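A.B. asks: Prediction below, plus the sequence it came from.
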Amino acid sequence: MDTTNRVEKFEDVLMFDPTKKSNSIQSVMKAAEQLNFYTQVYPEHIMEDYEYHARVNGAIKPPKCIFLPTKDLIRKMIDTNLKFA
């Protein structure tokens with residue numbers, strides 16, 4: 001998990017921000033186009049451990065969160081959920 005680079009916007013985690021009236025959808029599309037799904041993010045020794053447990057136990061427990069949001073973003077997510085959910 002990246003603990004130094006904090007996520008500050010909905011678009012950074014490919015989520016549409018319903019509080020924005022303007023081009024939030026375009027921002028999400030641009031962020032999605034920049035993702036690289038072919039480069040391994042985690043070191044090989046960590047992935048080998050997950051693969052072993054997947055073979056032996058039939059399942060693995062992935063990390064609950066792969067990004068670290070700022071307090072402001074967490075509050076904004078909670079407010080948005082209360083308003084729009």
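C.D. replies: Nice, thanks for sending it over. Residues are numbered from 1 along each chain as shown.
A.B. asks: where do the helices sit along the chain?
C.D. replies: Counting by DSSP state H, the chain has helices at residues 24-33, 44-57, 71-84.
A.B. asks: Quickly compare those and say which is most buried.
C.D. replies: Highest mean neighbour count of the helices of the chain: helix 24-33, a mean of 13 (counted as mean count of other CB atoms under 10 Å). In this view, the C-beta of every residue, glycine as well, is placed from N, C-alpha and C.
A.B. asks: so A54 touches I60, yeah?
C.D. replies: Yes. Assessed by CB atoms under 8 Å, A54 is found in contact with I60 at 4.8 Å.
A.B. asks: ok, back up a step: could I get the helices of the chain as CSV with mean pLDDT and distance to N5?
C.D. replies: Shown next, in CSV, are the helices of the chain (pLDDT from 0 to 100; distance: least, CB to CB, whole Å):
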stretch, mean pLDDT, distance to N5
helix 24-33, 84, 14
helix 44-57, 82, 19
helix 71-84, 89, 13
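A.B. asks: Kindly reformat these as JSON lines containing distance to T4.
C.D. replies: Converted to JSON lines, these look like this (distance: least, CB to CB, whole Å):
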{"stretch": "helix 24-33", "distance to T4": "19"}
{"stretch": "helix 44-57", "distance to T4": "18"}
{"stretch": "helix 71-84", "distance to T4": "16"}
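A.B. asks: mind checking which of those helices is nearest E8?
C.D. replies: helix 71-84 (5.8 Å; CB to CB).
A.B. asks: Tell me who's in contact with A32.
C.D. replies: L14 (CB atoms under 8 Å, 6 or more residues apart in numbering).
A.B. asks: Just the pLDDT for K64.
C.D. replies: We note a pLDDT of 62 for K64 in this prediction.
A.B. asks: if I look at the most far-flung residue of the chain relative to its centre, how far off is M47?
C.D. replies: Most distant from the centre of the chain: V56, at 27.8 Å, with distances by CA atoms, centre = their mean. Per CB to CB, to the nearest Å, V56 is found 15 Å from M47.
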